[in-house]
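# Below is the sequence, then the predicted model.
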Amino acid sequence: MTNEIKLLLEKVRQISAKYDGVFYQPSDGFNVFTILRQENDEVNLHSRFLAELLDPDGTHHQGYSFLDLFLKRVGISRFEPRNVYVEQEHDGIDVLVANDTQAIIIENKIHAPDQYRQLERYYHTIASEGLEVIAIIYLTLYSDDPNAQSIGDLDKAIITPISYKHDIHTWIEQCIQNVAQSRAVREVLIQYLQLIEQLTGQFFEKRYIMDIKTLLENERNLALAASISEAFTEAKIEVQFNFWQELEARLLSEGYVVTEHWKYSRSRVERYYQGGSGDYGIMFELHSLKRKNTLSFFVGVAAAIYYGFVVLQNGKAERTGYEPRFDYLAKIVETATGEEWDKSNWMVAFRLSTLKADVDFRGFGNADTFALVTPSERTKYINSLIGEVKGVISQFNQAYEKAA
């Protein structure tokens, strides 16, 4: 069987070599979206653009056509397309599509982690405004499910997970076909489609995929591919676990005191690749606060690496993000770094890593993530991440001392 797998992989390699140099250039390199924003900017790029497309009064001048195509794609038939208005950041909601009596909540998660009872809170906010929530659309790169803490007391049936990779990609393709006579809108949509393909690792043309599919249209090859898929999952677990182990060792060597709260483990990494959720990573202490609280710093993983400030009491995270008495800490963070940070119930302030390397542990489909299998490349990335973290902490400490 080992030789058969080697032979199958060699055939795949030959197919890949056949198209080498073609796939990794989905466009001529010019993309207005990546010029103006970071490609994974959820709020200012993706939510903003999607809201514009869904708005019947949007500058695309296509009326309800884009919205109709979206509703059909995600399987929503009860929403009435009349007197529709679209808002962004409505009480924290990424995109709200509503009419006089009904609403659709769209939560856009590219890399950011879920917040405590986030979807539940959004649902009750809109319900309190007298609107019937038809659906909560949970949009991620690969159609991940929201975690149980975010759902809270909601019925899961009201939540529809969709993906950029399939649902938004297909919808944008349909929109492109629908605006054949509007060249300007069509070209912008094509560039956004290419951006989605970059984000989700869809670098390969359909010819390549069809060649692989043809190779697997054989009972034995399909069984071998299933074995490879299982081994790939084990490899992803190993790569990520090695990353956390090395990161922890480096932090300890820098003199940081690592706590057990939310700490990574092999079982947590395994659950991550079995569709599980929940925060884990590495946390270490920074300062003692009033009421026996401790300000700590956390490096964690949703899809990408993120980090931020957490308040612990008796070794466990406090729900501090929306407590006014901790607002001063969030202000110190933003003053120190000169940038806005997100907050959640559990985190005073957090943001995605700003490193150029796009490590995506969830999708595990790009060169930056693959590179972590090589010890020297993993060390290089960890060195950069630690440099970034130490820079943020240094900025914070200086501002914290001035404010004390």
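Looks like it came in fine.
# all contacts plus neighbour counts: C-alpha atoms, from now on.
Noted.
# Tell me the confidence at the residue sitting furthest away from the middle of the chain?
Outermost residue of the chain with respect to the C-alpha centroid, by CA atoms, centre = their mean, is Asn3; its distance is 37.9 Å. Listed pLDDT for Asn3 reads 80.
# For Ile158, give me its contacts.
Counting by CA atoms under 8 Å, 6 or more residues apart in numbering, Ile158 touches 134-136.
# quick one: secondary structure of the residue nearest to the spatial centre of the chain?
Central residue of the chain (CA atoms, centre = their mean): His111, 2.0 Å from the mean position. Following DSSP: H, G, I helix; E, B strand; the rest coil, His111 is assigned to coil.
# For the stretch 101-250 of the chain, give me the ranges with low pLDDT.
Counting by pLDDT under 70, the stretch 101-250 of the chain contains low-confidence ranges at 201-208.
# Now do the strands in it.
Taking DSSP state E, counting those that start in this stretch as the criterion, the stretch 101-250 of the chain carries its strands at 102-109, 132-140, 159-163.
# and Glu10, how many neighbours does it have?
12 (other CA atoms under 10 Å).
# Checking my notes, Gly300 in a helix, right?
No - Gly300: not assigned to a helix; according to three-state DSSP it is strand.
# right, and it touches Tyr280 too?
Yes - at 5.6 Å, Gly300 counts as touching Tyr280 under the criterion of CA atoms under 8 Å.
# quick one: which of those two has more around it?
Gly300 (22 against 19).
# quick check: longest helix of this structure.
If you go by DSSP state H, the chain has its longest helix at helix 219-253.
# Does anything pack onto whatever helix or strand comes next after that helix? Which helices or strands?
Toward the C-terminus, helix 219-253 is succeeded by strand 258-259 as the next helix or strand (DSSP states H and E). In terms of contacts (3 or more CA pairs under 8 Å, 6 or more residues apart in numbering; DSSP states H and E), strand 258-259 is packed against helix 219-253, strand 281-288.
# can we see that at 10 Å?
helix 219-253, strand 281-288, strand 293-301 (3 or more CA pairs under 10 Å, 6 or more residues apart in numbering; DSSP states H and E).
# any idea of the mean pLDDT in it?
So the average pLDDT for strand 258-259 ends up being 94.
# Go ahead and name everything in contact with it.
Identification of contacts with strand 258-259 by CA atoms under 10 Å, 6 or more residues apart in numbering yields 248-249, 251-252, 282-285, 296-298, 315-316.
# Tabulate these in JSON lines, adding columns for distance to Leu36.
As requested, the contacts of strand 258-259 are exported to JSON lines (distance: CA to CA, whole Å):
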{"residue": "Glu248", "distance to Leu36": "35"}
{"residue": "Ala249", "distance to Leu36": "38"}
{"residue": "Leu251", "distance to Leu36": "35"}
{"residue": "Leu252", "distance to Leu36": "38"}
{"residue": "Ile282", "distance to Leu36": "33"}
{"residue": "Met283", "distance to Leu36": "34"}
{"residue": "Phe284", "distance to Leu36": "35"}
{"residue": "Glu285", "distance to Leu36": "37"}
{"residue": "Ser296", "distance to Leu36": "34"}
{"residue": "Phe297", "distance to Leu36": "31"}
{"residue": "Phe298", "distance to Leu36": "30"}
{"residue": "Gly315", "distance to Leu36": "42"}
{"residue": "Lys316", "distance to Leu36": "40"}
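# And those residues, which of them are buried?
Taking 16 or more other CA atoms under 10 Å as the criterion, what is buried in those is 248, 251, 282-285, 296-298.
# out of the residues you listed, what pair is the most spread apart?
Greatest spatial distance among the buried ones among the contacts of strand 258-259 (CA to CA): Glu248 and Ser296, at 14.9 Å.
# quick one on the thing from earlier: out of the strands of the stretch 101-250 of the chain, which is the most enclosed?
Across those, averaging neighbours per residue (mean count of other CA atoms under 10 Å) puts strand 102-109 on top, at a mean of 23.
# how far out from the middle of the chain is that strand?
Put simply, strand 102-109 sits 16 Å off its chain's centre (CA atoms, centre = their mean, to the nearest Å).
# Can you name every helix or strand that that strand contacts?
In terms of contacts (3+ CA pairs under 10 Å, 6+ apart), strand 102-109 is packed against helix 48-54, strand 85-90, strand 93-98, helix 118-128, strand 132-140, strand 159-163.
# In TSV, list those along with distance to Gly63.
Listed next are the helices and strands packed on strand 102-109 as TSV, based on distance: least, CA to CA, whole Å:
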stretch	distance to Gly63
helix 48-54	9
strand 85-90	12
strand 93-98	14
helix 118-128	25
strand 132-140	21
strand 159-163	23
